[in-house]
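>>> Just to be clear, the model below is a prediction. Sequence and coordinates:
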Amino acid sequence: MVQNISILGSTGSIGVQALEVARKLNLSVCALTANNNIELLEEQIREFKPEIAVVFEETKAKELKQKISDTNTKVLCGMDGLIEAATISQADLILNSVVGMVGLQPTLAAAENKKNIALANKETLVAGGSLVMDAVKRNNVKLYPVDSEHSAIFQCLQGAPDEKALKKIILTASGGPFFGKKADDLVNIKKEQALKHPNWSMGAKITIDSATMMNKGLEIIEACWLFNVPASQIEVVVHRESIIHSMVEFTDNSVIAQLSLPDMRIPIQYAITYPKRLESPVPELDITKIGTFSFYKPDEETFLCLKACKEAIEIGGAAPVAANGANEEANRLFLQEKISFLNIGELVYEAMKAQKGCKIENLQDILTADKKARQYVLDAVK
C-alpha cells in the first residue's frame, strides 16, 4: 500500500479531505501545494512536515517562506514548483486535486517520472487526454480516478470479464441548484444562488460548473479517456439524491451501481489503498432513510455546457481544449459578476465551435488552443 504521498492542491476541498484520509491511514506527506491560501497551508505544513511546499503565486510563496522559516520545509513557487512536487522521489503516489488547466503539466511530469497518479483534476484528461494516456501507458504507471463518478465506474468494473462486456457507462448528475429550470428562469441568476449546491460541498469553480452542468460535460470527456469508450456509450442521468455515484451496463443488460453517502473521502481513500478496502471515516449508508431514488434526463438545450462537451469530444482535436478553456474564463467572469449565468454556456459553445478544426499533437498545441479559447471569451465579452 501507499506509504508516502504528494498532494497537489492541498488547501482545496479534495486536498483537505485527502489529508484527513492520510491522517487516518498514518501516511507520510512529502509535498503539499496551494494556489495562494498560505494560512491553511502553514497549518498543514506544521502538522504533516512535508519536504517541500509550493505556492503558485510568487509573492505568497515569499510570505510563506518567512512564516515557516523555523521548519525544515522548502518553499517553491509557480509551475516549476508544482512539477517538482509531482515528481518528488519519495512519493509513492501523486494526488492531483488542483483546479483547472494548471493541473495538466504536473500530471504529465508525474507520468514521465513513473509516478502512480490519483487524479481529481478533470481538466488534465479533458485537454490532454491523448498525451496523458500515452504517457501513462508508455511509463507503465497506474492512473486512479478520484472523482466520485469515475471512481464509481472504476469500482463497478472490478471483476468485469473484459472491456467488450461493457455496453454503457451511466454517469449520474445531481442536476445542481437549477434542476428543472428553463432558460427564462435563469436570466437573472446571481452567483450566490449558483453557489448553493444541494448535496456537495465544493470550491466555487466546481460548484458553478455543477450549476451549469459543465462539470458533467467534462466528466463525459474524462470517462472516454479513462475507460477507452466513445461518447456514444456514455449516458448522463440526473439523480437528485447523489447516492448512486454512477453505473455500468453490461452486454447482458445487467446494471451495476456504486452507492454511498455523498462524501469524497471514500473515492480518495480507494484511490490510495486500491485494491484494498479499509475502514472508512464516512458514515454507513442507510438506504431506508433515503427512501426513494429519482432519475431524469438532462436538459441539454437549457444547460448548453453539457451539449458543448458532448459535441466537443465527438469533434476531437482542439474542441475539448477550447470548451474547457472557454469555461474556465467564463466561470471566472461570472464569479466576478461581469457576465450572466446563461452567458457561460453560450460562450463555451461558441468558443468550442470556433476551434473545431485544429489538431492536437503536443503540449504546445494544447496551450495554444486553451489561450485562443480564453481570448475568444474575453473578446466576446468586450
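Thanks, I have it.

>>> Tell me what residue 166 is bridged to.
residue 250 (DSSP bridges).

>>> Pretty sure it sits against residue 233.
Yes: between residue 166 and residue 233 there is a contact under CB atoms under 8 Å: 7.5 Å. Where you see a C-beta, it was placed from the backbone N, CA and C, and this is true even at glycine.

>>> out of the two, which sits in the busier spot?
Set residue 166 next to residue 233 and count neighbours by other CB atoms under 10 Å: residue 166 wins out with 20 against 14.

>>> distance of that one from residue 228?
Distance, residue 166 to residue 228, by CB to CB, to the nearest Å: 9 Å.

>>> Repeat that for residue 128.
16 Å.

>>> More neighbours: which of the two?
Between residue 128 and residue 228, counted using other CB under 10 Å, the more crowded position is residue 128 (29 against 10).

>>> In space, what's closest to that one - neighbours in sequence excluded?
residue 104 (4.9 Å; CB to CB, 6 or more residues apart in numbering).

>>> Tell me which helix or strand comes right after the one helix or strand the one you found maps to.
Take DSSP states H and E as the rule and residue 104 turns out to sit in helix 104-112. Using DSSP H and E, the helix or strand that follows helix 104-112 in sequence is strand 116-119.

>>> So residue 152: helix, strand or coil?
Classification of residue 152 by DSSP: H, G, I helix; E, B strand; the rest coil places it in helix.

>>> That one against residue 242, yeah?
No: judged on CB under 8 Å, residue 152 makes no contact with residue 242 at a distance of 11.2 Å.

>>> what is in contact with these two at once?
Counting by CB atoms under 8 Å, 6 or more residues apart in numbering, the contacts common to residue 152 and residue 242 are residue 172.

>>> between these two, which one's more packed in?
The neighbour comparison of residue 152 against residue 242 (other CB under 10 Å) goes to residue 152, with 28 against 18.

>>> Next up, the contacts around that one.
Per CB under 8 Å, 6+ apart, neighbours of residue 152: 172, 244-247, 257-258, 267.

>>> again, only using 6 Å
Contacts for residue 152 (CB atoms under 6 Å, 6 or more residues apart in numbering) come out as 245-246, 258.

>>> In space, what's closest to residue 256 - neighbours in sequence excluded?
In space, residue 256 is closest to residue 156, 4.6 Å off (CB to CB, 6+ apart).

>>> just residue 72 next, same as before
Closest to residue 72 by CB to CB, 6+ apart is residue 49, at 7.3 Å.

>>> ok, the one you found - how many residues close by?
14.

>>> Then residue 134?
For residue 134, using other CB under 10 Å, the count is 13.

>>> Repeat that for residue 230.
The burial count for residue 230: 9, using other CB under 10 Å.

>>> Distance check, it against residue 317.
15 Å.

>>> Then residue 297?
With CB to CB as the criterion, residue 297 and residue 317 are 29 Å apart.

>>> again with residue 97
28 Å.

>>> Give me the more crowded residue out of these two.
Taking other CB under 10 Å, residue 97 and residue 317 do not tie; residue 97 has more neighbours (26 against 17).

>>> quick one, what contacts the more buried one?
Contacts of residue 97 (CB under 6 Å, 6+ apart): 9, 12, 14-15, 120.

>>> Go again with 10 Å.
By CB atoms under 10 Å, 6 or more residues apart in numbering, residue 97 lies in contact with 7-18, 33, 103, 118-121, 146, 203, 264, 268.

>>> Quick check: neighbours shared by residue 166 and residue 233?
227, 249.
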